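S.K.: Just to be clear, the model below is a prediction. Sequence and coordinates:
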Amino acid sequence: MDQKEALDILKMGCNVFLTGPPGSGKTFLLNKYVNYLRGRGKAVAITASTGIAATHINGVTLHSWSGLGIKERISDKEIRVLMSKGYLRKKIKPARVLIIDEVSMLKHNQFDAVDRICQYFKGSFAPFGGIQVVCSGDFFQLPPIERDGEAKFITESFAWKSMDIKVCYLEGQFRQKDEKLSALLDHIRGNRAYESKKILMDNKFSENQFPQDMIPTKLYTHNIDVDAINIFELNKIKGKEFAYYMESRGPKELVFSLKKSCLAPEKLLLKRGAHVMFLKNNFEKGYVNGTQGRIIDFDEEELPVVKTFSGRTIIAKPAEWTVEGNDESITQISQIPLRLAWAITVHKSQGMNLDAAEIDLSKCFLEGMGYVAISRLRTLAGLKLVGINDLAFYVNEKAVEMDKDFRQLSQEAIENLRKMSLSQKEKEQKNFLHSSA
């Protein structure tokens, strides 16, 4: 399907799953649709499953927008508490369209929980209370893992099965102009390990060297390796080191869950010149979860001053992460919302576009990790491969089977669209613009 056909389907108000390989133009099309809606006065909520993914579409996490937070399920009582919050009513009640990017990382029960929240706020039993839902993503990327170790995608949710979703499978390549990179990713998507390995081994990407002024992002599969590299890089910087300690209150289990979800370190060490990443949204201060920059100074209160890569200067003050228990008790942690970012995990890299990366896939423990890491690149010339294991060449078998279904469903959507006359399409699109959810 091309972008014009997909945009025509979106404009008719259908619930849509927008998919295709990395670089096929999913984000570009989403932005085009958002501009179309805003130009006609339609309220659109722009969200993503992770903070970094949200930065690339100028949105927020779905968890933040909906009020779900770190929960995976939600009760009627908890939803009624959410409905008493004015800031959520102002966001959800007027929303006509909900965009959710990088849906492959969203758990099926979280998708159902957001569906129920929207139904309550909208006062309608229609899927998501009648809001048009546009999901975007690539299920070959890292899946959410349940406690029993099984990957369960949102396609297994009740909401997905009830929303009559149209699949738009985009073809074409807008990011990766490198034919070898496109071929490599196609082989990995097809679980053709021999062909994938041959491309990487024949081209000796372990020997790639970068110009001195190009600092590659280091991608690793485990937090322990990322932490070790970040501390090593920090120790190379001469100068005073500043330490910031996390504060917390509430039940130990909830405090532990909050610490894990926010990714802020309990002890944060910083120096002038450190490469950092913000871990929380603060639109007034000018940063979101995933914004990167460098420490350029410390103010009179010894708070870090960050210059973001977009050129903004921000004083990073302590932030709070809060969750309400079922008994309405409050659990809270507080920390400077930063972490060192010379190296990041493959998981955190989803949604990024990189010119250069030093990637270690020798400890891949999940199918799809190699695919995610390598697909961040624009060309293979930007790859230095430190290590790789066989699992890096495979993706989830469920994703392979689903991809075949998505291609078929997308073809059916194209055929149905082409059967419609221009006047029929325009009528459907006008009806949607003049409808209310």
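M.R.: Ah, there it is.

S.K.: thought residue 104 was touching residue 135?
M.R.: No. Here residue 104 does not reach residue 135: they are 9.6 Å apart, not a contact under CB atoms under 8 Å. Yep, even glycine has a C-beta here, placed from its N, CA and C like the rest.

S.K.: Can you list the neighbours in contact with the top helix by length along the chain?
M.R.: Secondary structure of the chain per DSSP state H: the longest helix is helix 397-419. With CB atoms under 8 Å, 6 or more residues apart in numbering as the contact definition, helix 397-419 has outside contacts at 1, 5, 8-9, 17, 19, 139-140, 143, 151, 153, 155, 166-169, 189-191, 367-368, 425.

S.K.: Only C-alpha atoms, please: export that helix in CSV.
M.R.: The C-alpha trace of helix 397-419 is given here as CSV (Å, rounded to 0.1, in the frame of the first residue of the first chain):
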residue,chain,number,x,y,z
GLU,A,397,7.7,-16.8,15.0
LYS,A,398,4.3,-15.3,15.9
ALA,A,399,5.4,-12.0,14.2
VAL,A,400,6.3,-13.9,11.0
GLU,A,401,2.9,-15.5,10.8
MET,A,402,1.1,-12.2,11.7
ASP,A,403,3.1,-10.4,9.0
LYS,A,404,1.6,-12.7,6.4
ASP,A,405,-1.9,-12.0,7.7
PHE,A,406,-1.2,-8.2,7.8
ARG,A,407,-0.1,-8.3,4.1
GLN,A,408,-3.3,-10.1,3.1
LEU,A,409,-5.5,-7.8,5.1
SER,A,410,-3.8,-4.7,3.7
GLN,A,411,-4.3,-6.0,0.2
GLU,A,412,-8.0,-6.5,0.9
ALA,A,413,-8.2,-2.9,2.2
ILE,A,414,-6.6,-1.6,-1.0
GLU,A,415,-9.1,-3.6,-3.1
ASN,A,416,-12.1,-2.2,-1.1
LEU,A,417,-10.7,1.3,-1.4
ARG,A,418,-10.3,1.1,-5.1
LYS,A,419,-13.9,-0.1,-5.5
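
S.K.: Can you give me the buried ones in that helix?
M.R.: Neighbour counts over helix 397-419 (16 or more other CB atoms under 10 Å) mark 398, 399, 400, 402, 403, 406, 407, 409, 410, 413, 414, 417 as buried.

S.K.: Could you check how far the fourth one is from residue 83?
M.R.: Spelled out, that is residue 402. From residue 402 across to residue 83, the span is 35 Å (CB to CB, to the nearest Å).

S.K.: Same question for the fifth one.
M.R.: Taking CB to CB as the criterion, residue 403 is separated from residue 83 by 39 Å.

S.K.: Same check on the first one?
M.R.: Distance from residue 398 to residue 83, counting by CB to CB: 36 Å.

S.K.: Can you get me a residue count around residue 37?
M.R.: Residue 37: 19 surrounding residues under other CB atoms under 10 Å.

S.K.: ugh, typo on my part, it should be residue 1
M.R.: A count of nearby residues for residue 1, using other CB under 10 Å, gives 22.

S.K.: change the start of the numbering to 865 and stick with it
M.R.: Yep, numbering from 865; the last one is residue 865 now.

S.K.: okay, it: pLDDT?
M.R.: Looking at residue 865, its pLDDT is 88.

S.K.: Verify the stated contact: it with residue 893.
M.R.: No. The pair residue 865 / residue 893 is not scored as a contact, 10.3 Å apart, by CB under 8 Å.

S.K.: got any residues that touch both of these two?
M.R.: Counting by CB under 8 Å, 6+ apart, the contacts common to residue 865 and residue 893 are residue 1034.

S.K.: quick one, what contacts residue 1133?
M.R.: 1095, 1098, 1105, 1106, 1107, 1204.

S.K.: Quickly list what it is bridged to.
M.R.: Note on residue 1133: beta-bridge partners by DSSP bridges are residue 1107.

S.K.: Can you give me the distance of it to residue 1095?
M.R.: From residue 1133 to residue 1095 the distance is 8 Å (CB to CB).

S.K.: who touches both of the two?
M.R.: Here residue 1133 and residue 1095 have residue 1204 as joint contacts, going by CB under 8 Å, 6+ apart.

S.K.: low-scoring stretches of the stretch 915-1064 of the chain, by residue?
M.R.: By pLDDT under 70, the low-scoring segments of the stretch 915-1064 of the chain are 915-916, 919-920, 922, 1009-1015, 1036-1041.

S.K.: can you pull out the helices in it?
M.R.: In order along the chain, the stretch 915-1064 of the chain carries the following helices (DSSP state H, counting those that start in this stretch): 915-919, 926-930, 940-947, 950-956, 972-986, 1022-1026, 1043-1053, 1057-1066.

S.K.: closest one to residue 1222 among those helices?
M.R.: Taking CB to CB, helix 1057-1066 is the member of these nearest to residue 1222, at 14.4 Å.

S.K.: which strands and helices sit next to that closest one?
M.R.: helix 1043-1053 (3 or more CB pairs under 8 Å, 6 or more residues apart in numbering; DSSP states H and E).

S.K.: Can you check what angle separates the helix it packs on from helix 1261-1283?
M.R.: Angle of helix 1043-1053 versus helix 1261-1283, following axes from the mean of the first three to the mean of the last three CA atoms, to 10 degrees, is 110 degrees.

S.K.: Tell me which stretches of the stretch 1065-1214 of the chain form strands.
M.R.: 1081-1084, 1106-1109, 1111-1113, 1131-1134, 1139-1142, 1156-1162, 1168-1172, 1177-1179, 1183-1188, 1194-1199, 1202-1204, 1207-1209 (DSSP state E, counting those that start in this stretch).

S.K.: Any chance of TSV for these, columns mean pLDDT and distance to residue 981?
M.R.: Shown next, in TSV, are those (pLDDT from 0 to 100; distance: least, CB to CB, whole Å):
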stretch	mean pLDDT	distance to residue 981
strand 1081-1084	89	34
strand 1106-1109	96	34
strand 1111-1113	89	27
strand 1131-1134	96	33
strand 1139-1142	87	26
strand 1156-1162	91	31
strand 1168-1172	94	32
strand 1177-1179	95	31
strand 1183-1188	74	14
strand 1194-1199	84	20
strand 1202-1204	91	29
strand 1207-1209	89	29
